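> Sequence below, structure please.
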Amino acid sequence: MKISLAALRAPMAALGVAALGVFAAGGIAQAAGGNSATITYTASPPNHFAFAAAPAGAFPTPSQCVTAFGLACYTPQEIRTAYNVPSSLTGAGQTIVIIDAYGSPTIRQDLATFDATFGLPKAQLNIMYPDGKATFNPNKATEVGWAEEVSLDVEWSHAIAPGATIDLLIAPTAAGNVLNDVENYAVQNHLGNVMSMSFGAPEAAIAGGGNNLQLQQADQIYRAAAAAGISVFASAGDNGAGNGYSYPNALFPASDPYVTSVGGTDLFMSDSGQYQSETVWNDSDATLCPFGCAYGPFGATGGAPSAVFQAPSYQAGVTGQSMRSTSDVSYNASVYTSVLVYLGFLGPNSGFYFFGGTSEGAPQWAAITALADQAAGHPLGFLNPQLYQIAQNPAAYAADFHDVTVGQNGFGSTGYSAGTGYDLPTGLGSPDVANLINTLAGH
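Next up is the predicted model:
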């Protein structure tokens with residue numbers, strides 16, 4: 001389908017977003033002669049092989065994994081305990097929309113294996129192909145990387161909100177116009193009240209920057225989502241502040257002001273799952289890379305000022321930046337403090353893998369928001385103004401967030417340091433989910 005920019009325009013002043021860079025207040029003005037170059041998005045969550053198949057007994061504890069593999073291994077129950085996810089909420093009655101490309105040929109079976117292994121209820125998973133279904137090629141690294149992303153997104157959104165329906169929307173390619181079509185389908189049909197996108201392109205890689213027509217289309221879709229009461233999440237990136245460039249570079253769509261950008265941390269917990277501490281995820285920094293860093297650097301969290309979008313009003317007085325800054329929030333993302341994901345499309349190498357990346361955080365923040373929508377009894381919609389308002393209240397902020405104050409995200413480029421309150425690598429911090437839900441739901 002084609003996206004009509006005119007049909008998607010909507011004023012957003014009430015949502016706390018100011019005029020955006022080269023764009024006009026209240027909507028993008030599609031400039032004559034705008035750049036029509038294709039944006040190519042990537043999704044390659046870092047991982048390391050762990051178990052060839054589901055173990056006969058219980059998984060090792062995090063400390064046993066460190067001893068055996070040099071990596072911690074976190075199960076759904078351990079992550080839920082560490083981030084204080086309330087068992088009284090399941091996401092029942094909510095739908096989480098996940099956007100990916102290429103797809104996975106075994107996602108239904110893999111999710112069933114994941115659920116059976118960890119004692120999770122059977123999921124309601126709907127798979128849709130609004131622009132047609134591509135034939136999966138297991139010999140193409142790009143398609144394998146996206147299939148891994150599908151597994152991570154679906155399995156871990158279900159781990160946090162096991163009662164929510166998952167609508168997995170698959171684009172046949174990772175081109176910007178095709179993913180825009182799929183996102184627009186989700187928004188225009190209001191498939192769910194939360195949407196997760198674990199992919200991105202560095203702003204420096206987008207020809208024309210703010211004049212790129214595909215970027216403008218995407219921004220209009222996120223504006224429409226906000227106007228429709230849909231919460232949208234995206235990953236801040238896995239290659240440090242530069243996202244693969246030698247200078248700080250925000251990842252799009254995480255840099256869009258109508259999207260909640262999720263940065264990454266190293267999460268440390270006890271074997272029973274009790275939260276201990278977090279640092280900025282940056283494997284290239286010897287003081288941050290955990291457990292002896294036996295495998296070298298897997299990556300580091302993104303987080304940098306946008307070169308396209310001006311600072312939205314909800315960030316005024318908080319970030320110290322004149323441009324839109326990412327991250328907004330953070331979540332565990334290191335492979336060294338990994339979550340376990342089942343991959344069933346790798347033939348004899350199928351099994352559970354250690355996974356990390358900021359693409360771990362986006363679907364879990366979407367699932368947390370589904371729980372909050374359930375608690376509130378209505379969709380909370382565009383979350384950024386509410387999240388930054390919490391940061392203005394010291395007592396609420398201390399209760400609702402873990403303020404990550406140690407580390408920096410230089411990874412092949414200049415980076416930014418964590419500190420008290422908001423910072424670029426980790427945003428406002430990671431969630432104390434039960435407390436944050438109580439605040440957002442008005443309890």
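
> separation between residue 270 and residue 119?
20 Å (CB to CB, to the nearest Å). From N, CA and C alone the C-beta is placed, and that goes for glycine too.

> An error on my part: the question was meant for residue 61.
Taken as CB to CB, the span from residue 61 to residue 119 is 16 Å.

> neighbour-wise, which of residue 270 and residue 119 wins?
Neighbour totals were compared for residue 270 and residue 119, and residue 270 leads with 14 against 10 (other CB atoms under 10 Å).

> pretty sure the more buried one contacts residue 276?
Yes - between residue 270 and residue 276 a contact is recorded at 6.4 Å, counting by CB atoms under 8 Å.

> I'd like the C-alpha coordinates of the lengthiest strand in the chain written as CSV, please.
In the chain, with assignment by DSSP state E, the single longest strand is strand 260-269. Extracted in CSV, the C-alpha atoms of strand 260-269 (Å, rounded to 0.1, in the frame of the first residue of the first chain):
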residue,chain,number,x,y,z
THR,A,260,10.5,6.1,23.2
SER,A,261,14.2,5.3,22.7
VAL,A,262,15.6,2.4,24.8
GLY,A,263,19.3,2.3,25.7
GLY,A,264,21.3,-0.5,27.2
THR,A,265,22.9,-1.6,30.5
ASP,A,266,24.8,-4.4,32.2
LEU,A,267,22.3,-5.7,34.8
PHE,A,268,23.7,-7.5,37.8
MET,A,269,21.5,-9.7,40.1
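
> Centre of the chain to it, how far?
Offset of strand 260-269 from its chain centre (CA atoms, centre = their mean, to the nearest Å): 10 Å.

> Repeat that for stretch 104-123.
Distance, centroid of stretch 104-123 to centroid of chain: 21 Å (CA atoms, centre = their mean).

> hmm, who's touching that stretch?
Under the contact criterion CB atoms under 8 Å, 6 or more residues apart in numbering, stretch 104-123 has outside partners 54, 75-77, 125, 127, 136, 146-148, 150-151, 154-155, 158-159, 162-163, 166, 168, 341-345, 352.

> Which positions in that stretch come out as buried?
Neighbour counts over stretch 104-123 (16 or more other CB atoms under 10 Å) mark 104, 106-107, 110-115, 117-118, 120, 123 as buried.

> quick revisit: can you name the next helix or strand after the longest strand of the chain?
strand 275-280 (DSSP states H and E).

> okay, the angle between that following strand and strand 260-269?
Note on geometry: by axes from the mean of the first three to the mean of the last three CA atoms, to 10 degrees, strand 275-280 and strand 260-269 are set 130 degrees apart in direction.

> Against which helices or strands is strand 275-280 packed?
Here strand 275-280 touches strand 260-269, going by 3 or more CB pairs under 8 Å, 6 or more residues apart in numbering; DSSP states H and E.

> And the strand it packs on, what's buried?
260-269.

> just stretch 123-135 next, same as before
Buried residues in stretch 123-135 (16+ other CB under 10 Å): 123, 125, 127-128, 130-131, 134.

> Kindly report the same for stretch 364-374.
364-374.

> For residue 181, state which of the residues you listed is nearest.
residue 366 (20.4 Å; CB to CB).

> Pretty sure that closest one sits in a helix.
Yes - according to DSSP: H, G, I helix; E, B strand; the rest coil, residue 366 belongs to a helix.

> can you tell me which residues contact it?
96, 98, 157, 194-196, 231, 233.

> most neighbours, which of these?
So for the contacts of residue 366 (other CB under 10 Å), the most neighbours sit at residue 194, 33 neighbours.

> That one is in contact with residue 91, isn't it?
No - Residue 194 is not in contact with residue 91 according to CB under 8 Å; the separation is 9.2 Å.

> any residues in contact with both of those two?
Joint contacts of residue 194 and residue 91 (CB under 8 Å, 6+ apart) are 367, 370.
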